[in-house]
Structures are given as structure tokens and as C-alpha cells.
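> for reference, the sequence and a predicted model appear below.
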Amino acid sequence: MANVLKEFLLRKCMAVTSDIENMIAMLNDALGDAAKHDRGTDAAGRRLRKALSDVAKECKIVRAKIQNERSAN
């Protein structure tokens, strides 16, 4: 949890739009592994789960940023 807060504070000055664009890019990068996973490649499934975990962490950071801005107003 401390790491999430640390990343949140580092990214506080970034716009939410750029955060969302970053998550979209992360998901687009994972599309290749998703296709390989669909064909039955086990290693691609592991990489895909890692990529989705990273996107989930990014979502938590963005949600915290939005909530913090909302609470400040």
C-alpha cells in the first residue's frame, strides 16, 4: 500500500487524461500476448496476467488521484 501512495504522490502533477492514455497503451501492448494465450501459449498467459495486474495498479493510482482532487474541493 505504501508503494501505491508513493506512486500516487509522484504522479500527482500528471493529468488524468495522460494516465488513462498510459493504461490504454499498456492494454494495447498486452494484445499480442492475449492472442498468443488464445492459441494456447502458457507463457503468454503469465505475461498477460502480469500486464493486467500492472493496469489494475495504475487504476488504483488514478482512482486515488481523482478522489483526492474531489475531496480537496
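Everything's here; your move.
> when you work out contacts or count neighbours from here on, use the C-alpha atoms and nothing else.
Will do.
> which element is the residue most central in space within the chain on?
Nearest to the geometric centre of the chain sits Val55, at 2.3 Å (CA atoms, centre = their mean). Counting by DSSP states H and E, the element that carries Val55 is helix 42-72.
> buried sites along that helix?
Ala44, Gly45, Leu48, Ala51, Leu52, Val55, Glu58, Ile61, Val62, Ala64, Lys65 (16 or more other CA atoms under 10 Å).
> I'd like the distance between Arg39 and Asp33.
10 Å (CA to CA, to the nearest Å).
> same question, Thr17
26 Å.
> which pLDDT value belongs to Lys60?
We have a pLDDT of 96 for Lys60.
> so what touches stretch 15-28?
Ala51, Leu52, Val55, Glu58, Cys59, Val62, Ile66 (CA atoms under 8 Å, 6 or more residues apart in numbering).
> show me where pLDDT drops low in the protein?
Scanning the chain for pLDDT under 70 picks out 1-2, 4-14.
> stretch 18-34: which residues count as buried?
Asp19, Met23, Met26, Leu27, Ala30, Asp33, Ala34.
> which one of those residues is nearest Ser71?
Each of the buried residues of stretch 18-34 was scored against Ser71 by CA to CA, and Asp19 proved nearest at 19.4 Å.
> next, the angle helix 42-72 makes with the one helix or strand that closest one maps to.
Counting by DSSP H and E, the element that carries Asp19 is helix 16-38. With axes from the mean of the first three to the mean of the last three CA atoms, to 10 degrees defining the directions, helix 16-38 sits at 160 degrees from helix 42-72.
> what about the nearest residue to Asp33 once chain neighbours are set aside, distance to Ile24?
Distances taken as CA to CA, 6 or more residues apart in numbering put Ala44 closest to Asp33, at 5.0 Å, once the chain neighbours are dropped. Per CA to CA, Ala44 is found 19 Å from Ile24.
> cool, His37 as well?
19 Å.
> got it, and Asn3?
Distance from Asn3 to Ile24, by CA to CA: 22 Å.
> got it, and Asn68?
Taken as CA to CA, the span from Asn68 to Ile24 is 22 Å.
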